[in-house]
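[1] I need the structure of the sequence given here:
(one chain, ligands or ions: 1)
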Amino acid sequence: TGLDALIKSKGKKYVGFCADPATLNIAQNVAILRAEAGQVTPENSMKWQSIEPSQNSYSWGNADTLANWAQTNGKIIRGHTFVWHSQLPSWVSNINNKATLTTVIQNHIAQVAGRYKGKIYAWDVANEVFNDDGTRRSSVFSNVFGDWTFLDVAFRAARAADPDAKLCLNDYNLDYSGAKLNNFVQLVKDLIARGVPIDCVGTQSHLVVGNGAIPSFKSTLDALASTGLEVQITELDIRTNASPSSQQITQQGNDYRSVASACIKTAACSGITIWGVSDKDSWVPQTFSGQGYALLWDNNYQKKTTAYNGFVAG
Ligand code: XIL
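    As a prediction, this is how the structure comes out:
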């Protein structure tokens, strides 16, 4: 039963959801995760700011809780995330020296990946390194290095710390053909060509209901699969107006079907992570003003049949 069992029956590895101690404290949420998930991704607890808020001072509590819950309940884990411009403590973003930053990245990854070694299916080693126009995003990492080689440092450190974890490059707004998708694919090919250890690409897939690119989502996955690597949908949600029209509700069902179907039909696509269970706990309303209703369970942890059945129909 559940979405995870269903997708496994279609040859995929998992359906997962983000989670963390805050949502693992909600009984209805946990019951859904137990029944529907094969994988969990820490929504916040493994981000740099959460786990190493000051240098060499680690806050393992929340991440350990998530990891222990996953192990107890037989769920695999996607680790999220090491090198990211956001939710990054200022002690890191203030570093202006390449040698220092290199050591800091290496140490952070050695500590975090090392602690969860053997328990992580895949790590988002780097997240959101592109601007929407396909140029390299400004961050302490890209600015101090002046090129992409901060990725080499991070991926090599992750491989050394946990050789069995798949190592992913993750980004958003790859859902539309264009410079961002093209340049992302080219960067991955370049990393492979120079021997950087990378195993997977992640496409977050924070989508807007009815977007014209969703019916052709398979072409996005095909482009990502052209890297030769495993492809993962890592943070799926499909937002509507906060109070959706009946037309939007129908469309959302169609859109969930398109995304699930695209993964199922793409051999390289291994699994889908949905960015939350209930609309009540979704990041969308706090982030996109006036929008919401993005997930498969409503504010009362009741299954949204149109959206859920759409996913199932994929
Ligand atoms: C979001 C979380 O869901 C929120 O709780 C937090 O306040 C901000 O970050 N892309 C990512 C995720 O890679 O880590 C983000 O998660 C959503 C966008």
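[2] mind checking the longest strand of this protein?
    strand 230-241 (DSSP state E).
[3] tally of neighbours for the nearest residue to Val83 once chain neighbours are set aside?
    Among residues not flanking Val83 along the chain, Ala126 sits closest, at 4.2 Å (CB to CB, 6 or more residues apart in numbering). No exception for glycine: its C-beta is placed from N, CA and C like everyone else's. The number of residues packed near Ala126 is 26, by other CB atoms under 10 Å.
[4] Next secondary structure after the helix or strand where Ala126 lies?
    Assigned by DSSP states H and E, Ala126 belongs to strand 122-127. Remark: after strand 122-127, the chain's next helix or strand is helix 140-145, criterion DSSP H and E.
[5] same for that following helix, what does it pack against?
    Applying 3 or more CB pairs under 8 Å, 6 or more residues apart in numbering; DSSP states H and E, one finds that helix 140-145 contacts helix 98-115, helix 149-161.
[6] Run the contact check for stretch 44-59 versus the ligand.
    Yes: Stretch 44-59 comes into contact with the ligand (CB under 6 Å from any ligand atom), by way of Asn44.
[7] May I see the buried residues of that stretch?
    Asn44, Ser45, Met46, Lys47, Trp48, Gln49, Ser50, Ile51, Glu52 (16 or more other CB atoms under 10 Å).
[8] closest to Gly271 among the residues you listed?
    Using CB to CB, Met46 comes nearest to Gly271 of the buried residues of stretch 44-59, at 18.3 Å.
[9] pretty sure the closest one belongs to a helix, no?
    No: according to DSSP: H, G, I helix; E, B strand; the rest coil, Met46 belongs to no helix; its state is coil.
[10] show me what contacts it?
    By CB atoms under 8 Å, 6 or more residues apart in numbering, Met46 lies in contact with Ala63, Leu66, Gly79, His80, Thr81, Val112.
[11] May I ask which two of these are separated the most?
    Leu66 and Thr81 (13.8 Å).
[12] buried set for stretch 181-198?
    Leu181, Asn183, Phe184, Val185, Leu187, Val188, Leu191, Val196, Pro197, Ile198.
[13] what bridges to the residue of the stretch 51-200 of the chain found nearest the ligand?
    Per CB to the nearest ligand atom, Asn127 is where the stretch 51-200 of the chain lies closest to the ligand, at 5.1 Å. For Asn127, the beta-bridge partners are Asn170 (DSSP bridges).
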